[in-house]
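> coords below, sequence missing:
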Ligand code: ATP
C-alpha cells in the first residue's frame, strides 16, 4: 500500500522532444540506456546495459524529465521516489521499503527507478548517520548491484539525481557507472523553453522580445523560467484587478513583454 501511495508510477508521457536543449545528455542517454533497453539481445558483453545512471547538476534543470523520458521511450515502467521520504518517514521501515520497491520494479520489468536527492540516502558523511539510514544505504547498494540481473529476465535501471554529487561516497559513486552532468539552459535553450511556455496562452510578445528575455534570464533554470512565466501570465489578471472576475477569458488582455519585465523585478534565479 505504501508503495502504491508514495511511489508514483507516473502515467505522464514525456518524450525526449519535450526536453529543451540538453542535446548531449539526451544523445548519451539514448545510446547508453534507451537502445539497450529496447534491444537487450544486442547489448551484451562489452555493450552490457548499465544498472545505474547518475544525473547531477543544479536544481530544476530537467533531471526528472530525463528519467521519465527514458522510461517512456524505452517502454519501461517508471517508479519515482525521493530519498528523503525513504530516510525520514519510515525510520526502521525504509530498508524493507527499498527491498519492496525493487521487487515491484523487477516484477514490472523493464523498469526505471528514479531516486531524487539520491545524495541524502547515500551520503558520505558519517557523523549524522544512524543505524536505520546505514541499513537503508546498504540495502540500496545490494539492490542496485542486483538490479540489472538478466538471469531472471528482468532489467531495472536506477537513475539517481542529485544537486550535490560530491556528497556521495565512493561505494555509491562506483555503482553509478554512468554519470551525466545536466547543466543550466543556454540562451538558445531558454528561448525554446520560453516559447513552449508561451504557447500555452495568448500573448503578444514579438520574436525580438522573446530573444531579449532569453538573454536577460542568464542563470535561470527551466523550473525558474516556468515560475517567471506563470507570474507574467498573471499580469493581465492583476492589471484588471477585481473586474477580472467579471470578464470572460477571451476579454482578458494578452500576456505582454511588459508583464514579463515586471515579473523579472521580483523573480530571480534559484541557483
Ligand atoms: P530537482 O533537482 O529540483 O529535482 P530537476 O533537475 O529534476 O530538479 P525537473 O523536475 O526535471 O528538474 O524540472 C522541473 C520543471 O522545469 C519541469 O517540470 C519542467 O517543466 C521544467 N524544465 C526544466 N528543464 C527543462 C528542460 N530542459 N526542458 C523542458 N522543461 C524543463
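Happy to help now that I have it. On a predicted model such as this, the values are computed, not experimentally measured, just so you know. Residues are numbered from 1 along each chain as shown.

> contacting residues for residue 224?
Residues in contact with residue 224 (Cβ atoms under 8 Å, 6 or more residues apart in numbering) are 60, 217, 267, 269-270. For every residue, glycine as well, the C-beta is placed using N, CA and C.

> Equivalent analysis for residue 62, please.
Residue 62 touches 19-20, 22, 182, 222, counting by Cβ under 8 Å, 6+ apart.

> Between the contacts of residue 224, identify the one with the most neighbours.
residue 217 (23 neighbours; other Cβ atoms under 10 Å).

> Can you report phi and psi for the residue nearest to residue 211 when sequence neighbours are not counted?
Counting by Cβ to Cβ, 6 or more residues apart in numbering, residue 211 lies nearest to residue 191, which is 6.3 Å off, once chain neighbours are set aside. Main-chain dihedrals, residue 191, degrees, to the nearest 10: phi -60, psi -40.

> ok, the closest residue to the ligand within the chain - how many residues close by?
In the chain, the residue that lies nearest the ligand is residue 222 (2.2 Å; Cβ to the nearest ligand atom). As a burial measure, residue 222 scores 22 neighbours (other Cβ under 10 Å).

> do the same with residue 117
20.

> my guess is it meets residue 83, correct?
Yes. Contact criterion Cβ atoms under 8 Å: residue 117 and residue 83 qualify, at 5.0 Å.

> What pLDDT is listed against residue 17?
Looking at residue 17, its pLDDT is 91.

> Might one say that residue 203 is in contact with residue 252?
No. Residue 203 lies out of contact with residue 252 (Cβ under 8 Å); the separation is 11.3 Å.
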